[in-house]
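[1] Quick check, what structure comes out for this input:
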Amino acid sequence: VDDKENARYLLESNLPIEGRSAEETARVVGAWQQGFNAVWKGGSYQDYVKANAIFGADPFVQFMGWGSTVTEDAFNAYRAQFEDGALSVDEEHELAIYIPDFGPLLASLDVPVLALFGALDTNVDWRQTRALYEATIGENPEADLTVRVFDGANHNLKQAETGGVREMFAQPGDTPYAEGYFDTMAGWIVANGFGSRPD
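    Presented below is the predicted three-dimensional model:
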């Protein structure tokens with residue numbers, strides 16, 4: 001993943017699969033954003049509660065276990081982490097930063113990296129992540145980045161119809177992985193001298 005909170009991408013990707021219209025999706029995602037903004041922009045607990053009433057009412061949000069309203073003490077404790085600098089926000093995207101200075105960290109890698117993505121991943125923004133890896137690891141002559149995107153594969157790199165979270169959770173354990181997934185890994189391992197194919 002990249003360095004930022006990915007809940008907004010997950011909502012934007014899954015709510016249409018769940019049957020929400022563009023307007024309904026924007027309403028739920030907007031409520032999520034308003035709730036988070038109340039935390040880091042100095043809003044009130046009442047602002048958060050108002051936004052969360054809309055956000056928490058959505059059935060998919062409830063399915064994810066995200067619909068409950070935190071106490072005022074918990075809200076204030078979370079906000080304090082942004083106020084004292086323990087947590088920070090990318091203000092351009094209005095998303096929490098989970099891994100500070102992640103770009104320079106990636107750019108400093110000096111090992112081969114295999115990045116595998118499912119084209120139907122609705123959990124994390126694989127396109128943005130791929131772009132970040134290519135701009136950091138991929139530009140480092142000391143590293144060797146290999147990227148492969150599997151069509152028809154979800155976040156777990158298993159074959160899927162929609163890639164939605166609900167579908168992913170319901171898949172049986174023997175659901176096939178993306179075609180070429182194991183061959184890609186095996187080929188990369190052998191090509192980089194980390195192992196060999198059996199005779």
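
[2] got a pLDDT number for the residue nearest in space to the middle of the chain?
    Residue closest to the average C-alpha location in the chain (Cα atoms, centre = their mean): residue 124, at 2.6 Å. Turning to residue 124, the model gives it a pLDDT of 96.

[3] Equivalent analysis for residue 6, please.
    Per-residue confidence at residue 6 stands at 94 (pLDDT).

[4] pLDDT on whatever helix or strand residue 52 lives in, on average?
    Residue 52 is part of helix 45-55 when elements are defined by DSSP states H and E. Average pLDDT, helix 45-55: 97.

[5] Please, where are all the helices along the protein?
    In the chain, the helices defined using DSSP state H lie at 7-17, 22-40, 45-55, 59-64, 72-83, 102-107, 126-136, 165-170, 181-191.

[6] highest average neighbour count across these?
    Using mean count of other Cβ atoms under 10 Å, the stretch among these with the largest mean neighbour count is helix 7-17, at a mean of 20. Using the backbone N, CA and C atoms, a C-beta is placed for each residue, glycine as well.

[7] outside of it, which residues touch it?
    With contacts defined as Cβ atoms under 8 Å, 6 or more residues apart in numbering, helix 7-17 is touched by 22, 24-25, 28-29, 32-33, 58, 60-61, 66, 95, 122-125, 162-167.

[8] hang on, the earlier thing: do I have it right that the residue nearest to the centre of the chain meets residue 155?
    Yes: between residue 124 and residue 155 there is a contact under Cβ atoms under 8 Å: 6.8 Å.

[9] Who are the contact partners of the residue lying closest to residue 107 once chain neighbours are set aside?
    For residue 107, ignoring the flanking residues on the chain, the nearest one in space by Cβ to Cβ, 6 or more residues apart in numbering is residue 136 at 4.2 Å. Going by Cβ under 8 Å, 6+ apart, residue 136 touches 103, 104, 106, 107.
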